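Asks: Sharing a model that was predicted from the sequence below.
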Amino acid sequence: MKYFTQFWDEERDDEYADWGTSTWYFETNDADEVLKQITVYKNEKVTKYDEDHLEDEFGGLCEGTLTIDECDGDVISKEEFYKLW
């Protein structure tokens, strides 16, 4: 498993834009498929997605593959990821 983050310096473009900027946390497998995803917004709202909770009214689990290089993120530990999970 791989764990990394990506800071998003733009607000959402929907009715939740006032949530502010966000930091995204990803857990991916060896095939770079996103298994778990957490988004923490500036106003402290948090969304979480995995195979048991693919989407809700606020968003959904990233489809396809994703690597740290594609999102210019930072590597984090499994422990750091699961503190938020």
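Replies: Everything's here; your move. Numbers count the residues shown, from 1 in each chain.

Asks: Using CSV, list the CA coordinates for the helix of greatest length in the chain.
Replies: As assigned by DSSP state H, the longest helix anywhere in the chain is helix 78-84. Output of helix 78-84 as CSV, limited to C-alpha atoms (Å, rounded to 0.1, in the frame of the first residue of the first chain):
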residue,chain,number,x,y,z
LYS,A,78,0.1,4.3,7.1
GLU,A,79,-0.2,5.4,10.7
GLU,A,80,-0.7,9.0,9.8
PHE,A,81,-3.4,8.1,7.3
TYR,A,82,-5.3,5.9,9.8
LYS,A,83,-5.2,8.5,12.5
LEU,A,84,-7.6,10.4,10.2
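
Asks: Would you map the strands across the protein?
Replies: Along the chain, the segments classed as strands by DSSP state E run 2-8, 22-28, 34-41, 46-50, 55-56, 59-60, 74-75.

Asks: Quick check: which of those is buried the most?
Replies: Among those, strand 22-28 has the highest mean neighbour count (mean count of other C-beta atoms under 10 Å), at a mean of 21. C-betas here are computed from N, CA, C, even on glycine.

Asks: Select, out of the strands of the chain, the one closest to residue 14.
Replies: strand 59-60 (9.5 Å; C-beta to C-beta).

Asks: helices and strands around that closest one, which ones?
Replies: Counting contacts by 3 or more C-beta pairs under 8 Å, 6 or more residues apart in numbering; DSSP states H and E, strand 59-60 packs against strand 46-50.

Asks: who does the strand it packs on touch, helix- and strand-wise?
Replies: Using 3+ C-beta pairs under 8 Å, 6+ apart: strand 46-50 touches strand 34-41, strand 59-60.

Asks: same question for that strand, mean pLDDT?
Replies: Averaged across strand 46-50, pLDDT comes to 98.

Asks: what distance separates that strand from the centre of its chain?
Replies: 7 Å (C-alpha atoms, centre = their mean, to the nearest Å).

Asks: What of stretch 69-79?
Replies: Using C-alpha atoms, centre = their mean, the offset of stretch 69-79 from its chain centre is 10 Å.
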